[in-house]
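Student: Can you look at this prediction? I've put the sequence above it.
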Amino acid sequence: MSSTKDIDALIELMAKLPGLGPRSARRAVLHLIRKRSLLLTPLADVMQTVAVTARECLNCGNVGTLDICGICTSEKRANGELCVVEDVADLWAMERSGVFKGRYHVLGGTLSALDAVGPDELRIPRLIDRVPSENITEVILALNATIDGQTTAHYIADQLDGQVTLTSLAQGVPIGGELDYLDDGTITAAMRARKTI
């Protein structure tokens, strides 16, 4: 029996995390072991706590420690704007920017015929219910510019047609981007979304 069985199991689990392969996981685990009292023990304690307390907001799908997240309970955020995103990472990215001051709705993915993901597997029915019940005046579709993301946006737009103002994020040349390095789809989207200076 290996004397490093538990350490090997930790490396194997860490290697399953996004962005970490077996070598990166091994380096991370060795670093944690070297800094056991400073990192490993507190990390293990916090992970145990999060494993017990983390939950999805029953209203929007955000991740937190309460049944209804702080964004959904904040009266300041009840401005009639609802930003629809694919997953929690997208919500957190929007929050990091600090530009959006309304509420969110996390779909939990996108429609995909190939993967047998229909509207009922996502939080689309809940979204449709939220629009009238929360007096939503604008739904911002902040979905990824993929085929599945755009298909999902069109489906939602059809479901909410005439009930609310529907908008989407602008697409095109990123700030600091150089045309020579952009793909054809991005350049096409940028040309179609051009505006007067």
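Tutor: Received, thanks.
Student: For the worst-scoring helix or strand of the chain on mean pLDDT, give me every contacting residue.
Tutor: Sorting the helices and strands of the chain by mean pLDDT, DSSP states H and E puts helix 184-192 at the bottom, at a mean of 80. With contact meaning CB atoms under 8 Å, 6 or more residues apart in numbering, helix 184-192 is reached by 145, 171-173, 179, 182. For glycine as for every other residue, the C-beta is placed from the backbone atoms N, C-alpha and C.
Student: Could you give the separation of it from the chain centroid?
Tutor: Averaging C-alpha positions (CA atoms, centre = their mean, to the nearest Å) puts helix 184-192 24 Å from its chain's average.
Student: Also stretch 187-197?
Tutor: On CA atoms, centre = their mean, the centre of stretch 187-197 falls 26 Å from the chain's centre.
Student: Show the end-to-end separation of stretch 170-185, please.
Tutor: Start and end residues of stretch 170-185 are separated by 13 Å (CA to CA, to the nearest Å).
Student: Show me which positions of that stretch end up buried.
Tutor: For stretch 170-185, the neighbour count (16 or more other CB atoms under 10 Å) marks 172-173, 182 as buried.
Student: Could you count how many residues lie near the residue nearest to Gly21 when sequence neighbours are not counted?
Tutor: Excluding the flanking residues, the one nearest Gly21 by CB to CB, 6 or more residues apart in numbering is Ala15, at 6.0 Å. Residues lying near Ala15 (other CB atoms under 10 Å) number 16.
Student: which residue ranges form the strands in the chain?
Tutor: Remark: strands assigned in the chain by DSSP state E are 55-56, 63-64, 81-85, 103-106, 138-141, 165-168.
Student: Go through these and name the closest to Leu122.
Tutor: strand 103-106 (9.4 Å; CB to CB).
Student: Could you list the buried residues of that closest one?
Tutor: Those would be 103-106, for strand 103-106 by 16+ other CB under 10 Å.
Student: Could you single out the nearest of the residues you listed to Gly61?
Tutor: If you rank the buried residues of strand 103-106 by distance to Gly61 using CB to CB, Val106 comes first, at 3.2 Å.
Student: where does that closest one land on pLDDT?
Tutor: On the pLDDT scale, Val106 is placed at 98.
Student: If we ignore the residues flanking it in sequence, what's nearest it?
Tutor: On the basis of CB to CB, 6+ apart, the spatially nearest residue to Val106 that is not a chain neighbour turns out to be Gly61, at 3.2 Å.
Student: Run a quick neighbour tally on that neighbour.
Tutor: When neighbours are counted by other CB under 10 Å, Gly61 registers 22.
Student: for Asp45, same thing?
Tutor: Residues lying near Asp45 (other CB under 10 Å) number 10.
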